[in-house]
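In: Structure, please.
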Amino acid sequence: MMENQKDPKEMFRAALLYLLSQGGRGTQMRLSRAVKIASTYITDIKGGKRPVSSRYAEGIARFFEMTYEEMVGLGRWILSGKDPEQWQSAHTRAIETEPSFIQSMRELNRVPVISLVQAGTWQDVEDNFRQGYAENWVDTTATSHPNAFALVVRGDSMEPLFLEGETIIVDPGKDAISGSYVIVKNGEMATFKQLVIDGGGVFLKPLNNRYPIMDMTGVEFKIVGVVVAKEMRFYP
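Out: Numbers count the residues shown, from 1 in each chain. The predicted structure follows:
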């Protein structure tokens, strides 16, 4: 047993078990889709039937907004018998005012569900959030930004990862990087695409290959926000 506790992959597994338990129902499925691995593979890791592959370890850690090293550190803490809620990463210890991942998971932020037309004119001001601006609101732990909002996916251009009818959470304060899923102002409306920066080229890419990639190199456009999560509902 002591040998297992010294194994980084066993530490990673311990951290994964804990974080999945804290994430609640559906977290394993969201992780599976985000990292593009089978849910049964995650189940095997949890059960100790197979170690986590280095190919997927970084992606799994990134899903929980951690690094691989932080996951191992959390797992080491857990396997030593300490309370995981008292663990803090090196980054969190350096910035004492920043809440830990576990604390932030529990902080619900209510955001308005708006239309793509509204998103196209979205301004980073509090007036947008006065009661009555949106008919529907959703609770999320994906962002604490005061001006975050939600959109309902329309059409199939972002399939298979984002299906029509799913709700996506958008953070207007997050920096967009190549690979980010973004809401971009395009005329009077906004559009939902993946941002791709390749050398000196900038592109907006639909995930469904039946739709053309938009070459935005040299074109002025505004990124309204970065998609940080999606929510699936099976009831009204």
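In: how is this protein carved up into domains?
Out: For the chain, automatic domain parsing gives the domain ranges 2-105, 109-231.
In: and the last one, how far apart are its ends?
Out: End-to-end distance of domain 109-231 (CA to CA, to the nearest Å): 14 Å.
In: quick revisit: if you average pLDDT over each of the domains of the chain, which comes out lowest?
Out: Comparing mean pLDDT across the domains of the chain, the weakest is domain 2-105, with a mean of 78.
In: for it, the distance to its chain's centre please.
Out: Computed by CA atoms, centre = their mean, to the nearest Å, the chain-centroid distance of domain 2-105 equals 15 Å.
In: With mean neighbour count added, can I get the domains of the chain in TSV?
Out: All C-beta atoms are positioned from the backbone trio N, CA, C, and that covers glycine. Converted to TSV, the domains of the chain look like this (neighbours: other CB atoms under 10 Å):
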stretch	mean neighbour count
domain 2-105	16
domain 109-231	16
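In: Three-state assignment for Ile42, please.
Out: What DSSP: H, G, I helix; E, B strand; the rest coil gives for Ile42 is helix.
In: Isn't it up against Leu31?
Out: Yes. In this structure Ile42 lies within contact range of Leu31 using CB atoms under 8 Å: 6.4 Å.
In: what do those two both touch?
Out: Common neighbours of Ile42 and Leu31 (criterion: CB atoms under 8 Å, 6 or more residues apart in numbering): Leu20.
In: So which residues make contact with the lengthiest helix in the chain?
Out: In the chain, assigned by DSSP state H, the helix with the most residues is helix 8-23. If you take CB under 8 Å, 6+ apart as the criterion, helix 8-23 is touched by 4-5, 27-28, 30-31, 42, 45-46, 48, 51-52, 57, 60, 64, 68, 71-76, 78-79, 84, 101-102, 105.
In: mind redoing it with 7 Å?
Out: Helix 8-23 is contacted from outside by 4, 27-28, 45-46, 48, 51-52, 57, 60, 64, 71-72, 74-76, 78-79, 84, 102, 105, using CB atoms under 7 Å, 6 or more residues apart in numbering.
In: partner residues bridging Ala190?
Out: Beta-bridge partners recorded for Ala190 (DSSP bridges): Lys185.
In: The protein: helices as residue ranges?
Out: Using DSSP H, helices in the chain cover 2-5, 8-23, 27-35, 39-46, 54-63, 68-79, 90-94, 101-105, 116-120.
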